[in-house]
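> Need a 3D model of the sequence below.
(chains A, B, C and D)
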Number of protein chains: 2
Amino acid sequence: MSVMLQLKELPDALILGRFVKRYGEVDVDAVLHFLSILRIGTDLSEALDGFLARHGLLQGRWWVLILLMREDDLTSTPSQLAEKSGVSRATMTRLIDGLARDGLVKRLDDRNDGRRYAIRLTAAGQAKLDKVMPDYYPRVQRMMGVLSAAQREQLLQYLLLLKEGSRAFQ
Amino acid sequence: MSVMLQLKELPDALILGRFVKRYGEVDVDAVLHFLSILRIGTDLSEALDGFLARHGLLQGRWWVLILLMREDDLTSTPSQLAEKSGVSRATMTRLIDGLARDGLVKRLDDRNDGRRYAIRLTAAGQAKLDKVMPDYYPRVQRMMGVLSAAQREQLLQYLLLLKEGSRAFQ
DNA sequence: TCATTATAGTTAGCTCGCTAACCATGTCAA
DNA sequence: TTGACATGGTTAGCGAGCTAACTATAATGA
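Next up, the predicted model:
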């Protein structure tokens, strides 16, 4: 996970001009576009967070519930969950702590391997998803509806290209 | 600021199908596109973070330095900085704590108003920017270079539309 | 077999978000 | 002029990210 600044005040061309004077030739448009893209990414993520928060969740916890529901036996392990949601095992430990405290998941001992735990979605966890998801899907649909299928495809193409380009920061 | 899951494992159409069975009609493409867009936003942000981290900064601290450098007297106040970077005053207090500890900014008493402090960019802070920015600008340029000016414009258009659409989550 | 290595998970300590509560200090109006 | 309100900033406490260090258990192989 990452933190992304909201950047309420993007630099205007004048200010960037002063920076150019100090730092030499700069593609002002490229910088402004880049910052705008980051900011909108944050905005979208925050829109989702705000929605989930109304259901007492945040992206991390919500995603864990979804990953569990995907499993046939509603069960997984902390390290698998960490891997699949792209967070560290330490972070997953604490996400699970919170979810277990709220009764949405349960830790189950593995009798074959004393190191492992299984994490199972509880009835309460399933009930939570059953409240969130039927609210979530139509909203995503409504949101994405502002773009045609072709436009969405195009957008994704461009973003994937940018992602390739972001190797420039390596 | 927001937290954005990396979602290493997006749902495939099959899994989404099972969710559809439980939750009814869902525009699978819309959901996949939405999650992909969020994920790429995170990826881009993390690329920037990784770059800044190599200079001992993160987006929050870096942005404060930039905001200060924009000022004619290299000086601002915590609440202005908070406002402009879109974080709470509490968060700004701690960003400033860190920057002051590292000697990149300095707190100056305001003799007219005992409540205020001024925050000034120090020589070390300016030196830090003088190392980071000449490394940053060419990389942004290289990254954005994967898209033509027209494509960038189009991309931004689409994202702005999506941002409008994200009111669906309200 | 038993010492070494690998794996699963947690804990500790850091960053950087947030809100709410809390000090100061200033301001304003009765 | 002084009591009430407003403002600027910090503190406290929480969430969720990280890395590094640690514990416990399992697996391996000399």
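> For the rest of this, base every contact and every neighbour count on C-alpha atoms.
Will do.
> To which secondary structure element is the nearest residue to A:T77 once chain neighbours are set aside assigned?
In this structure, A:T77 finds its nearest non-sequential neighbour in A:A118, 4.9 Å apart by Cα to Cα, 6 or more residues apart in numbering or on different chains. Assigning secondary structure by DSSP states H and E places A:A118 in strand A:117-121.
> Check whether whichever helix or strand comes after that strand comes near DNA strand D.
Moving toward the C-terminus from strand A:117-121, the next helix or strand (DSSP H and E) is helix A:123-144. No. Judged by Cα under 7 Å from any atom of the strand, helix A:123-144 stays clear of DNA strand D, getting no closer than 14.6 Å.
> Would you mind getting the angle between helix A:123-144 and strand A:117-121?
Between helix A:123-144 and strand A:117-121, the angle comes out at 60 degrees (axes from the mean of the first three to the mean of the last three Cα atoms, to 10 degrees).
> any idea of the angle the following helix or strand past helix A:123-144 forms with helix B:123-144?
Once helix A:123-144 ends, the next helix or strand along the chain (criterion: DSSP H and E) is helix A:149-165. If you take the same axes, to 10 degrees, helix A:149-165 sits at 130 degrees to helix B:123-144.
> Just confirm yes or no for helix A:149-165 near chain B.
Yes. Contact of helix A:149-165 with chain B (Cα under 8 Å from any Cα of the partner chain) involves A:Q151, A:R152, A:L155, A:L156, A:Y158, A:L159, A:L160, A:L161, A:L162, A:K163, A:G165.
> got the CA coordinates for the strand holding A:A118 in CSV?
The C-alpha coordinates for strand A:117-121 follow below in CSV (Å, rounded to 0.1, in the frame of the first residue of the first chain):
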residue,chain,number,x,y,z
TYR,A,117,-3.1,-20.8,11.4
ALA,A,118,-6.1,-20.9,9.1
ILE,A,119,-8.2,-17.8,8.8
ARG,A,120,-11.8,-18.5,8.1
LEU,A,121,-14.5,-16.0,7.2
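> model confidence over that strand, on average?
In this model, strand A:117-121 has a mean pLDDT of 95.
> Up against DNA strand C, what does chain A have?
A:3-5, A:77-80, A:89-94, A:115-118.
> Contact partners for the nearest residue to A:L159 once chain neighbours are set aside?
What sits nearest to A:L159 in space, not counting adjacent residues and going by Cα to Cα, 6+ apart, is B:I40, at 6.8 Å. Taking Cα atoms under 8 Å, 6 or more residues apart in numbering or on different chains as the criterion, B:I40 is in contact with A:L159, A:L160, A:K163.
> Give me the buried entries from these.
For those, a burial check counting by 16 or more other Cα atoms under 10 Å in any protein chain shown picks out A:L159, A:K163.
> now the contacts of B:I40 as JSON lines including pLDDT?
Shown next, in JSON lines, are the contacts of B:I40 (pLDDT from 0 to 100):
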{"residue": "A:L159", "pLDDT": "94"}
{"residue": "A:L160", "pLDDT": "92"}
{"residue": "A:K163", "pLDDT": "91"}
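> picking that back up, quick check: helices, which of the residues of chain A next to DNA strand C are part of them?
Among the residues of chain A next to DNA strand C, DSSP state H puts A:P78, A:S79, A:Q80, A:R89, A:A90, A:T91, A:M92, A:T93, A:R94 in helices.
> just the buried members of the residues you listed?
A:P78, A:S79, A:M92.
> Find the helix or strand that A:R107 is a member of.
Counting by DSSP H and E, A:R107 is part of strand A:105-109.
> in that strand, what's buried?
A:V105, A:K106, A:R107.
> Relative to A:S36, which of the buried ones among the ones in helices among the residues of chain A next to DNA strand C is nearest.
Relative to A:S36, the closest of these is A:M92; by Cα to Cα it sits at 31.1 Å.
> Wait, the closest one touches A:E83, no?
No. With contact defined as Cα atoms under 8 Å, A:M92 does not count as touching A:E83 (9.3 Å).
> overlap in contacts of those two?
With Cα under 8 Å, 6+ apart, A:M92 and A:E83 have no common neighbours.
> From DNA strand D, how far out is the residue nearest the centre of chain A?
Residue closest to the average C-alpha location in chain A (Cα atoms, centre = their mean): A:Q59, at 5.9 Å. Between A:Q59 and DNA strand D the computed distance is 6 Å (Cα to the nearest atom of the strand, to the nearest Å).
> Quick check: that residue touching A:A47?
No. Taking Cα under 8 Å as the definition, A:Q59 is not a contact partner of A:A47, at 11.0 Å.
> Please spell out which residue in chain A sits farthest from the middle.
Chain A, Cα atoms, centre = their mean, max distance from centroid: A:K21 (37.8 Å).
> Specify the local secondary structure of it.
helix (DSSP: H, G, I helix; E, B strand; the rest coil).
> pLDDT below threshold where in chain A?
A:1-14, A:16-17 (pLDDT under 70).
> And the next helix or strand past whichever helix in chain A runs longest?
If you go by DSSP H, chain A has its longest helix at helix A:28-54. Remark: after helix A:28-54, the chain's next helix or strand is helix A:59-70, criterion DSSP H and E.
> and that next one, does that touch chain B?
Yes. In terms of Cα under 8 Å from any Cα, part of helix A:59-70 sits within range of chain B, namely A:Q59, A:G60, A:R70.
> what does the domain assignment say about chain A?
A:8-54, A:58-169 (automatic domain parsing).
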